[in-house]
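Chemist: model this:
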Amino acid sequence: MPQRYDIREDREGWTVFDLFTGEPVAISGVPQTGLDIQDADELAELLDHKAFANDRTLRQ
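Modeler: Numbering: from 1, shown residues only. As a prediction, the model looks like this:
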């Protein structure tokens, strides 16, 4: 499955970011920064699955 979201370490923890834009993901206007590594990893994986399911161009 193609990856659209990833995590990177920041000053307060971990950030989930969009690989296409390099910007932190925002959910309900809240940037997903300063997260615990496990939460960040799970969120990135969940968002990747959702992006894959909604984007028919990624499926063959």
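
Chemist: Can you show me the strands along this structure?
Modeler: Using DSSP state E, the strands found in the chain span residues 5-10, 13-18, 26-27, 30-31.

Chemist: Including distance to Lys50, mean neighbour count and mean pLDDT, could those strands go into a markdown table?
Modeler: C-betas here are computed from N, CA, C, even on glycine. Listed next are the strands of the chain as a markdown table, based on distance: least, CB to CB, whole Å; neighbours: other CB atoms under 10 Å; pLDDT from 0 to 100:
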| stretch | distance to Lys50 | mean neighbour count | mean pLDDT |
| --- | --- | --- | --- |
| strand 5-10 | 9 | 16 | 98 |
| strand 13-18 | 13 | 20 | 98 |
| strand 26-27 | 12 | 11 | 96 |
| strand 30-31 | 17 | 11 | 98 |
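
Chemist: closest one to Phe52 among those strands?
Modeler: The closest of the strands of the chain to Phe52 is strand 5-10. By CB to CB, the value is 10.6 Å.

Chemist: ok, the closest one: who's next to it in the sheet?
Modeler: strand 13-18 (antiparallel) (DSSP bridges).

Chemist: what's the partner strand in contact with?
Modeler: Strand 13-18 has contacts (CB atoms under 8 Å, 6 or more residues apart in numbering) with 4-9, 23-25, 31-37, 39-41, 43-44, 47.

Chemist: These, buried ones only, as a ChimeraX selection?
Modeler: This is how ChimeraX selects the buried members of the contacts of strand 13-18, with burial counted by 16 or more other CB atoms under 10 Å:
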select :4,5,7,24,25,32,33,35,40,43,44,47
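
Chemist: In the protein, where is pLDDT below threshold?
Modeler: 1, 55-60 (pLDDT under 70).

Chemist: what residues are up against Leu43?
Modeler: With CB under 8 Å, 6+ apart, Leu43 has these contacts: Tyr5, Val16, Val25, Gln32, Leu35.
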